[in-house]
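Asks: Compute the structure for the input listed below.
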Amino acid sequence: MSARLDPAYRATALRALAETEFDVLVVGGGVVGAGAALDAASRGLSVALVEARDWAAGTSSRSSKLVHGGLRYLEQRDFALVREALKERRLLLHRLAPHLVRPVPFLYPLTHRVWERAYVGAGVALYDSIGGARALPMHRHLSRRAALKLAPALRADVLTGAVRYYDAQVDDARLTMMLARTAVQHGATVLTRVEAVEVLRNGRDLTGVRVHDLLTGGEQVVRARRVISAAGVWTGQALDVAPPFHVRMSKGVHLLVPRDRIRLDVGLISRTEKSVLFVIPWDRHWIIGTTDTPWDLDPARPTATRADVDYLIDHVNSVLREPLTAADVVGVYAGLRPLLDAGADDTTKLSREHAVAEPAPGFFVVAGGKYTTYRVMAADVVDAAVAGLGRAVAPSLTRHLPIHGAVGFRELWADRARLAEGLPVERLLGRYGSAVNDLLVMIAREPRLAEPLTAAPGYLAVEAVYAVTHEGALDLDDVLSRRTRIAMEYPEFGVAAAPEVAALIAEPLGWSDAERESAVGAYREQVAGEMAALAAPDDASAMARRAG
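Replies: Model (predicted):
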């Protein structure tokens, strides 16, 4: 089946919701929900997925953009979690999403002599091998001189040497969206801007869910034999079924600064008093993160504050020769981690493992975990959901299923020099994989789409249009924040690009001139709220300023 998610697909999918009784209905369009829809559909089940906002609109677009085992979990002796995550990292790198997941080297500075090198070296050696067959280059011990050659931005007095190791990186929002498209290829019906509002029953038997279309205002009943909630930080708030566990929210904030402001040839990881500090290469920027603070406010739009920005700048400056200032910060984003409550006082001590439960007959909940292990979480909850369907269902197949854009990617990469003259082919292949051919066809039909956006020259006009015609974007924020990363990579959340992008997507979305202007106005208002929040000293005042 086609993986094209355009407005016409949405109309067809809405009819299918009304006319079909599904084996499985998934609620939640983050990485786990999209993964569960793909897992169930690839087993031959009839599947629907509804998401109240957009693909990856919550946690799944606001991570550290890493596919990793979690080096710090080794210190907590959580060997099973690290092993599982590293196996998934290997699958994503080499089989499932080689177009979206790529290796990245990190430097771990050492600050003490002898004992720390032995301690860290043993941990990283275990990290290199615990996930099975080696997927990335082995770590290397470096002298102070060799470390400073790779990282001249570091102060010489803060390290005695370093260990270099490898992890992997991903555009989290794009992987989530590509999972949804892959699920459609396997027969799933997927919809955004559709909110699940009530579980329906006939006695004890689950019969479906009542949903609300947030675009049209209409309501309808989706009949389903099983319902899976993959609501992340909304677990326990979505629908009216309470799971047997509690999810606590932890806020993580990241900053983006230009690459030329920190002279590094590798990423950087160092310890803080609470967690770890990452400096991660991201195209023309560095991502600096992350914070880890409890959040008990509205999960819909966590916000960064002045205190968060200051915390990250202060910590990264403690190791840099040339300190950063707030003026160097190009972009900021905040996300929430859904952590299983294990009774710890501090969210940094909570487990990153996941749990699956059936709090009511036919209703299944999956929560916790980490981005890297989404596929395992999805398979586990689908296994639980299909156990009582009354017919044989194949085991999970997703470890063998390439994600949309992966098939043919390596061949195109090998021949990239001849693929398209004058275009940023490597960047496009790293965002679309073999689906880049769709964009080249669009450019051949309309050459003006090959032009970079005036206010966001790292992106082509065709990418904005493609976000609507193929990737399910339904408004300006979808395009600026998740299909592209303009909102995080350009000053003031990319607001300067909003009019140009709105003009490009107006026709495929069927917008009138008034609707286009309204969309731009709404995005400007959203940005004004975010900018006001960034000046606030704490979470509560930041939320109040943004609302105001």
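
Asks: tell me the SS of residue 105?
Replies: Reducing the assignment to helix, strand or coil with DSSP: H, G, I helix; E, B strand; the rest coil, the entry for residue 105 is strand.

Asks: Show the pLDDT at the nearest residue to it once chain neighbours are set aside.
Replies: Distances taken as CB to CB, 6 or more residues apart in numbering place residue 266 nearest to residue 105, at 4.4 Å, with adjacent residues excluded. For the C-beta atoms, the positions are set from N, CA and C on the backbone; glycine is no exception. With respect to pLDDT, residue 266 scores 97.

Asks: Output the lowest mean pLDDT helix or strand found in this structure.
Replies: Least confident element among the helices and strands of the chain, by mean pLDDT, DSSP states H and E: helix 71-75 (a mean of 82).

Asks: Which strand residues bridge residue 167?
Replies: Taking DSSP bridges, one finds residue 104 as the beta-bridge partners of residue 167.

Asks: Please tell me how far it sits from residue 452.
Replies: As for residue 167, its distance to residue 452 is 31 Å (criterion: CB to CB, to the nearest Å).

Asks: more crowded one of these two?
Replies: residue 167 (23 against 13; other CB atoms under 10 Å).

Asks: And the more buried one, what's its pLDDT?
Replies: In this model, residue 167 is scored at 96, pLDDT.

Asks: Same question for residue 132.
Replies: The predicted structure scores residue 132 at 64 on the pLDDT scale.

Asks: Work out the gap between stretch 365-384 and the centre of the chain.
Replies: Relative to the chain's own centre, stretch 365-384 is displaced by 15 Å; criterion: CA atoms, centre = their mean, to the nearest Å.

Asks: any idea of the mean pLDDT for it?
Replies: 96.

Asks: what does stretch 304-318 give?
Replies: The predicted model assigns stretch 304-318 a mean pLDDT of 97.

Asks: Alpha carbons of it, as PDB, please.
Replies: Presented in PDB, the C-alpha positions along stretch 304-318 are these (Å, rounded to 0.1, in the frame of the first residue of the first chain):
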ATOM      1  CA  ALA A 304      12.100  26.100  29.100                       C
ATOM      2  CA  THR A 305      12.900  28.900  31.600                       C
ATOM      3  CA  ARG A 306      15.700  31.300  32.100                       C
ATOM      4  CA  ALA A 307      16.900  29.100  35.000                       C
ATOM      5  CA  ASP A 308      17.100  26.100  32.600                       C
ATOM      6  CA  VAL A 309      19.100  28.000  30.100                       C
ATOM      7  CA  ASP A 310      21.400  29.400  32.700                       C
ATOM      8  CA  TYR A 311      21.900  25.900  34.200                       C
ATOM      9  CA  LEU A 312      23.100  24.400  30.900                       C
ATOM     10  CA  ILE A 313      25.300  27.400  30.000                       C
ATOM     11  CA  ASP A 314      26.900  27.400  33.400                       C
ATOM     12  CA  HIS A 315      27.700  23.700  33.200                       C
ATOM     13  CA  VAL A 316      29.000  23.700  29.700                       C
ATOM     14  CA  ASN A 317      31.100  26.800  30.400                       C
ATOM     15  CA  SER A 318      32.800  24.900  33.300                       C
END
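
Asks: start at 801 instead
Replies: Sure, I'll start numbering at 801, so the last one becomes stretch 1104-1118.

Asks: just how off-centre is that stretch within its chain?
Replies: Here the centre of stretch 1104-1118 is set off from its chain's centre by 23 Å, with CA atoms, centre = their mean.

Asks: Could you pull out the buried residues of it?
Replies: Using 16 or more other CB atoms under 10 Å as the burial criterion, the residues of stretch 1104-1118 that qualify are 1104, 1105, 1106, 1107, 1108, 1109, 1111, 1112, 1113, 1115, 1116.

Asks: what's around residue 917, how many residues?
Replies: When neighbours are counted by other CB under 10 Å, residue 917 registers 17.

Asks: isn't it right up against residue 941?
Replies: Yes - distance between residue 917 and residue 941: 6.7 Å, which falls inside the contact criterion (CB atoms under 8 Å).

Asks: what ranges of this structure fall below the confidence cut-off?
Replies: Within the chain, the ranges that satisfy pLDDT under 70 run 932-933, 1142-1152.

Asks: any idea which helix or strand comes after the biggest helix by length in it?
Replies: In terms of residue count, the longest helix belonging to the chain (DSSP state H) is helix 1313-1334. Following helix 1313-1334 in sequence order, the next helix or strand is helix 1339-1347 (DSSP states H and E).

Asks: Buried residues of that following helix, list them for me.
Replies: The neighbour-count check on helix 1339-1347 (16+ other CB under 10 Å) flags 1339, 1342, 1343, 1345, 1346 as buried.

Asks: Show me what that helix is packed up against.
Replies: Using 3 or more CB pairs under 8 Å, 6 or more residues apart in numbering; DSSP states H and E as the contact criterion, the secondary-structure elements in contact with helix 1339-1347 are helix 1313-1334.

Asks: Residues contacting the helix it packs on, please?
Replies: Helix 1313-1334 has contacts (CB atoms under 8 Å, 6 or more residues apart in numbering) with 1103-1106, 1109, 1132, 1275-1277, 1280, 1292-1293, 1295, 1298-1299, 1302-1303, 1306, 1311, 1342-1343, 1345-1348.

Asks: How far away from the center of its chain is that helix?
Replies: Put simply, helix 1313-1334 sits 23 Å off its chain's centre (CA atoms, centre = their mean).

Asks: Could you do stretch 1179-1198 as well?
Replies: The chain centroid and the centroid of stretch 1179-1198 are separated by 25 Å, computed with CA atoms, centre = their mean.

Asks: again with stretch 896-911
Replies: Taking CA atoms, centre = their mean, the mean C-alpha location of stretch 896-911 is offset from the chain mean by 16 Å.

Asks: Put the alpha carbons of that stretch into PDB.
Replies: Provided in PDB are the C-alpha atoms of stretch 896-911 (Å, rounded to 0.1, in the frame of the first residue of the first chain):
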ATOM      1  CA  LEU A 896      15.600  -0.700  10.200                       C
ATOM      2  CA  ALA A 897      16.600   2.900   9.700                       C
ATOM      3  CA  PRO A 898      20.100   3.400   8.300                       C
ATOM      4  CA  HIS A 899      18.800   6.500   6.600                       C
ATOM      5  CA  LEU A 900      17.700   8.200   9.800                       C
ATOM      6  CA  VAL A 901      20.200   6.800  12.400                       C
ATOM      7  CA  ARG A 902      23.900   7.400  12.100                       C
ATOM      8  CA  PRO A 903      27.000   7.000  14.300                       C
ATOM      9  CA  VAL A 904      28.400   9.800  16.300                       C
ATOM     10  CA  PRO A 905      31.700   9.900  18.300                       C
ATOM     11  CA  PHE A 906      31.800  11.200  21.900                       C
ATOM     12  CA  LEU A 907      34.600  12.200  24.100                       C
ATOM     13  CA  TYR A 908      34.400  11.400  27.800                       C
ATOM     14  CA  PRO A 909      36.900  13.700  29.600                       C
ATOM     15  CA  LEU A 910      38.700  12.200  32.600                       C
ATOM     16  CA  THR A 911      39.400  14.500  35.500                       C
END
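
Asks: What residue, apart from its backbone neighbours, is nearest residue 1135 spatially?
Replies: Across the structure, with CB to CB, 6+ apart as the measure, the residue nearest residue 1135 apart from its sequence neighbours is residue 862 (2.5 Å).

Asks: Can you report how many residues lie near the one you found?
Replies: Counted with other CB under 10 Å, the burial measure for residue 862 works out to 25 neighbours.

Asks: show me the contacts for it.
Replies: Contacts for residue 862 (CB under 8 Å, 6+ apart) come out as 972, 1052, 1054, 1102, 1133, 1134, 1135, 1136.

Asks: In a markdown table, list those along with distance to residue 1325.
Replies: Written out in a markdown table, the entries for those read as follows (distance: CB to CB, whole Å):
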| residue | distance to residue 1325 |
| --- | --- |
| 972 | 26 |
| 1052 | 25 |
| 1054 | 24 |
| 1102 | 18 |
| 1133 | 18 |
| 1134 | 19 |
| 1135 | 22 |
| 1136 | 23 |
